[in-house]
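J.: Need a 3D model of the following:
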Amino acid sequence: MSNRAQSPSRRTVLAAAVAAAVAGTTAAPAAAAEADPRAPEPQAAAAERLVDNRAWVTYTDWREGRALGVRTLSGARPGVALAVPAGVTEYTDPHTGTSASWEYATWTSPSHRLKVPATEVIPSWNADTPAGTWIQVELQGRYNDGTDTPWYVMGRWAAGDQDIRRTSVDDQTDDKSTVWTDTFSVDDASTGLRLVSYRLRLTLYRRPGSGATPTVWRLGAMGSDVPDRFTVAATTPRVTRELPVPRYSQNTHVGQYPEYDNGGEAWCSPTSSQMIIEYWGRKPTAEQLSWVNPEFADPQVCHAARFTYDHQYQGCGNWPFNAAYAATYPGLQGVVTRLESLTDLETLVAAGIPVITSQSFLASELTGAGYGTSGHLMTVIGFTADGDVVANDPASPSNEAVRRVYQRREFENIWLRTKRYNASGKVASGTGGVCYLYFPASPTPAQRKALAAVGIR
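T.: Just a heads-up that it's a prediction; the model follows:
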């Protein structure tokens, strides 16, 4: 996470009270439909876009990198896997104190020159990590003054939690930039310092002598330079559509499994993730859910919280960890990006792709929410005929109350701005349009076109 209004150590909802629920019936899980043929064509990516997305996903992409002990996988899902280890290293898990030896191999991307010299970069990855394996993702950038950043650790990740504790790494800085949990950020953008290029380094780990290997089939990053702004320009409604996304309330889980950020009251991110995972027709198996107390409703939300939890951040709101969790389900991809307008968001919804948005606001700034927050995730599932935003807001008292309609102008401002005033009247920050996108590994032509329109391939 970046050094915006929220504390760098938390993305917890500060809801003191939730407004009266907007009535609605729970939508059944459903696969996405084709794009509405009446919807307007997605707009082409403009040359002046403020966001640059780059991902390594094809066989050709993976062959372009520098491989040390990894092999390139071809076929339906190209990627990289550990072949002959480059060496053995010792890792002491800071959250358990356990030390162990691990074989490792590395893959380093070519340097990617950013189309948008960036103040922030957020990596994403999609991977399989069988028992006894894990991965580390690092970023090194070059500034426009010709100097390089150190290699920053952007995540130590495993789908499970039995071998290592999934974690971000604090206290990484070179006095020009800092890593805030999951986000590389230039410390003082007003100086004109920008990141002009970067490389990503992937390290694959397994227990010595094991035949197991992690496999990674998507690795990339989003770089952006969103200007400081308290308000954003209004957009004209262009899509009327609502997607049948299941509804889950995080508040159903208040007090459950407090070892994962004190329980459901802080689970806006995994609850939103689970809604979209099930929209695409995926769900944990009964065996995977066997650890959850059978008395708890919607155990899959507890499961999502456990397996997105970042032990350093001490929360479930690590953005790339949520995207990586979604991609552990067969046939799904997950990325973190920024959209630049509600028009971008409408393009995706028109193609059947719901979007998880990150925003912060005072209670007075979002009519009908009934709470204020320094950081909250919700799922945008559609737009009304008047252009207002239909959202599944997990900060609701029940599943039935999750569906909300928020005023278009209010929503686009709280989501897309980068500066705001907090309850004390001090300048705080917003996310500038950060969102999660989960979509099929084999998208339909309409979905592929919509993703390309917002810079995702």
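J.: how close does Ser210 get to Ile277?
T.: If you measure Ser210 against Ile277 using C-beta to C-beta, to the nearest Å, the figure is 29 Å. Placement of C-beta: from N, CA and C, glycine included.
J.: what's the answer for Thr271, then?
T.: The separation that Thr271 has from Ile277, given C-beta to C-beta, amounts to 11 Å.
J.: now do Val434
T.: Applying C-beta to C-beta, one obtains 19 Å for the distance of Val434 from Ile277.
J.: Which one's more surrounded, Ser210 and Ile277?
T.: More crowded of Ser210 and Ile277, by other C-beta atoms under 10 Å: Ile277, with 25 against 14.
J.: Does the more buried one belong to a helix, a strand or coil?
T.: At Ile277, secondary structure determined by DSSP: H, G, I helix; E, B strand; the rest coil is helix.
J.: got a list of what it touches?
T.: Taking C-beta atoms under 8 Å, 6 or more residues apart in numbering as the criterion, Ile277 is in contact with Lys283, Ala304, Ala326, Tyr329, Leu332, Tyr438.
J.: got it, and Cys435?
T.: Cys435 makes contacts with Val336, Thr337, Arg338, Leu339, Leu345, Val355, Ile356, Thr357, Ser358, as judged by C-beta under 8 Å, 6+ apart.
J.: Let me have those residues in CSV, extended by distance to Asp170, pLDDT and neighbour count.
T.: Output for those, formatted as CSV (distance: C-beta to C-beta, whole Å; pLDDT from 0 to 100; neighbours: other C-beta atoms under 10 Å):
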residue, distance to Asp170, pLDDT, neighbour count
Val336, 19, 98, 26
Thr337, 24, 98, 26
Arg338, 24, 97, 25
Leu339, 28, 97, 24
Leu345, 32, 98, 27
Val355, 29, 98, 25
Ile356, 25, 98, 28
Thr357, 26, 98, 24
Ser358, 20, 98, 27
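J.: Identify those among these that sit within strands.
T.: With strands identified by DSSP state E, the entries of those that belong to them are Val336, Thr337, Arg338, Val355, Ile356, Thr357, Ser358.
J.: State the pair within the residues you listed that is farthest apart.
T.: Taking C-beta to C-beta, the two most distant members of the ones in strands among the contacts of Cys435 are Arg338 and Ile356; they sit 12.6 Å apart.
J.: Which stretches in this structure count as helices?
T.: 59-64, 268-279, 299-306, 319-326, 342-350, 408-416, 445-453 (DSSP state H).
J.: So which of those is nearest Ala221?
T.: Nearest to Ala221 among these is helix 319-326; the distance by C-beta to C-beta comes to 9.4 Å.
J.: any idea how far the closest one is from the chain center?
T.: Distance of helix 319-326 from the chain centroid (C-alpha atoms, centre = their mean, to the nearest Å) equals 5 Å.
J.: Mind checking the pLDDT average for it?
T.: Mean per-residue pLDDT for helix 319-326: 98.
J.: now do stretch 403-421
T.: Averaged across stretch 403-421, the pLDDT comes to 97.
J.: list the buried ones in that stretch?
T.: Neighbour-count burial for stretch 403-421, with 16 or more other C-beta atoms under 10 Å as criterion, is recorded at 403-406, 408-420.
J.: and for Thr271 and Ile277, which residues touch both?
T.: Ala304.
J.: right, so of the helices of the chain, which gets closest to Pro150?
T.: Smallest distance to Pro150 across these (C-beta to C-beta): 19.4 Å, for helix 319-326.
J.: before we move on, the earlier item: export the helices of the chain as JSON lines, with columns for distance to Lys115.
T.: As requested, the helices of the chain are arranged in JSON lines below (distance: least, C-beta to C-beta, whole Å):
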{"stretch": "helix 59-64", "distance to Lys115": "17"}
{"stretch": "helix 268-279", "distance to Lys115": "28"}
{"stretch": "helix 299-306", "distance to Lys115": "34"}
{"stretch": "helix 319-326", "distance to Lys115": "21"}
{"stretch": "helix 342-350", "distance to Lys115": "16"}
{"stretch": "helix 408-416", "distance to Lys115": "20"}
{"stretch": "helix 445-453", "distance to Lys115": "15"}
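J.: right, and the ones you listed - which one's nearest Trp180?
T.: helix 319-326 (10.9 Å).
J.: which residues touch Asn53?
T.: Contacts of Asn53 (C-beta under 8 Å, 6+ apart): Gly220, Ala221, Met222, Val335, Thr337, Gly455, Ile456, Arg457.
J.: what residue ranges in the protein are flagged as low confidence?
T.: Low-confidence segments of the chain, defined by pLDDT under 70: 1-47.
J.: Mark out where each domain of it begins and ends.
T.: The chain is divided into the following domains under automatic domain parsing: 51-224, 241-453.
J.: could you dump those to TSV with distance to Thr231?
T.: As requested, those are arranged in TSV below (distance: least, C-beta to C-beta, whole Å):
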stretch	distance to Thr231
domain 51-224	18
domain 241-453	6
